[in-house]
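Undergrad: need a structure here:
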Amino acid sequence: MGRSTVYNKNLTSDEKWNKVLENNKVLFDEFIEYCKSSDRSKETIKVYINGLKIYFCWNLELNKNKFFIDLTIKDIIKYQNFLNDKDLSPSRIRLLKSSLSSLSNYIELVESDTYKDFRNIINKVPAPAMVKVREKLILDSDQVYNILNLLIDNHMIQQAACFALSAFSGSRKSELSRFRIIDFKEKNVKNGLYCSDNKIKTKGRGNRGKLLTKYTIKKEFKPYLDLWLKEREKLNISSEWLFVKNNQPVKLSTLNYWAEQISNITGINFYFHSMRHFFTTSLCKNNIPAEIIKTIIGWENLEMINIYSDLKTEDQFGDYFSEDGIKYIEKKTSII
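TA: So this is what the prediction gives:
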């Protein structure tokens, strides 16, 4: 089964929300409206809504339905202990607390005339230390091609093409649904890379996100693209979008389901984000200059390469050392 996250849906309900203190619901509504007006992304707003509802429902049942303005450090300690008792991961607890901190910042900034003495105290209570709670999935090239062959053998052609695009472009899961057929026309090929016809929305601040040209290695991706395009013709799919369900671009829920399918037929705990690591590691293994990697993936700084590359330093020793000692490496000037 695919990698999943514990969300504890039982922490909130319409029945509980209806009993939340009216003043808290007003703050909640006004904060969400503020987020929309300041062009926060839909994903960020969804996180805030979920996180704040969990807090206010807890506050209703276990903290006397206290007005948020009257929040104390002891309240934060109690809430964090509650989340710990629910066996949430440290990263999940940090995310839930960040929603409270964002609401507090809003009150300080926008509601300062009404609540002059209010201060953001959320981070006065240290969050749980980050620990590894899930095993990181590291796949090599042989494993990636074996998975692709398995998908094709099971006639999961669209899933195979999607997996291949993820592996050979390093795109995030949310970006996979935003590619169009036109992004893979021959006219868009430059130096062996497909360059998306239009800039694609990627992760970034604001509802529009960051718009980037996305690059895909043609030689690696084209065989699976061709199989999917041929299958689309058989199915009479006319959508402009590359990956579709009912002629509409696939949703994240569909991609999550595909990840579960891949996990079930391979026996590994697959998640699409592991392909971003695979792509970065592949570029590093082939000695692509760091500046080129940064540009291809769309990062703003080189530090991200160290985060996403699974290549160990000693794996590169053979490039520089042999039985005869240090190898002579001719210096090359990289052109971006």
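
Undergrad: how about low-confidence regions in the chain?
TA: The model of the chain has pLDDT under 70 over residues 1-9, 131-134, 204-209, 313-321, 327-336.

Undergrad: how about the strands in it?
TA: 189-190, 193-195, 200-202, 210-212, 215-217, 244-245, 248-249, 321-322, 325-326 (DSSP state E).

Undergrad: Now the terminal residues of stretch 83-92, how far apart.
TA: Stretch 83-92 has its terminal residues 9 Å apart, counting by Cα to Cα, to the nearest Å.

Undergrad: from here on, count from 613
TA: In the new count, where the first residue is 613, that last one comes out as stretch 695-704.

Undergrad: Show me the helices in the stretch 763-912 of the chain, by range?
TA: Under the criterion DSSP state H, counting those that start in this stretch, the stretch 763-912 of the chain contains helices at 769-781, 785-788, 830-846, 864-878, 885-897, 902-909.

Undergrad: Break this structure down into its domains, please.
TA: The chain breaks down by automatic domain parsing into domains covering 621-736, 753-883.

Undergrad: what's the most buried one of the ones you listed?
TA: Comparing the domains of the chain by mean neighbour count (mean count of other Cβ atoms under 10 Å), domain 753-883 comes out on top with a mean of 17. For every residue, glycine as well, the C-beta is placed using N, CA and C.

Undergrad: Determine how far it lies from the middle of the whole chain.
TA: Distance, stretch centre to chain centre, for domain 753-883: 15 Å (Cα atoms, centre = their mean, to the nearest Å).

Undergrad: repeat for stretch 694-712
TA: 18 Å.

Undergrad: again with stretch 906-922
TA: Stretch 906-922 sits 15 Å away from the centroid of its parent chain (Cα atoms, centre = their mean).

Undergrad: and what of stretch 681-694?
TA: Stretch 681-694 has its C-alpha centroid displaced from the chain centroid by 29 Å (Cα atoms, centre = their mean).

Undergrad: CA atoms only for that stretch - export them in CSV, please.
TA: The C-alpha coordinates for stretch 681-694 follow below in CSV (Å, rounded to 0.1, in the frame of the first residue of the first chain):
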residue,chain,number,x,y,z
ILE,A,681,-7.2,35.9,22.2
ASP,A,682,-7.0,34.6,25.8
LEU,A,683,-4.6,31.7,24.8
THR,A,684,-1.8,31.0,27.3
ILE,A,685,1.4,29.1,27.1
LYS,A,686,-0.1,26.4,29.3
ASP,A,687,-2.9,26.0,26.8
ILE,A,688,-0.3,25.5,24.0
ILE,A,689,1.5,22.9,26.2
LYS,A,690,-1.8,21.0,26.7
TYR,A,691,-2.7,21.1,23.0
GLN,A,692,0.8,19.9,22.0
ASN,A,693,0.6,17.0,24.6
PHE,A,694,-2.8,16.1,23.1
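
Undergrad: Save the domains of the chain as CSV, and put in distance to Gly910 too.
TA: Below are the domains of the chain laid out as CSV (distance: least, Cβ to Cβ, whole Å):
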stretch, distance to Gly910
domain 621-736, 16
domain 753-883, 4
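
Undergrad: As CSV, the helices of the stretch 763-912 of the chain with distance to Lys802 would be great.
TA: Below are those laid out as CSV (distance: least, Cβ to Cβ, whole Å):
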stretch, distance to Lys802
helix 769-781, 14
helix 785-788, 19
helix 830-846, 10
helix 864-878, 28
helix 885-897, 17
helix 902-909, 12
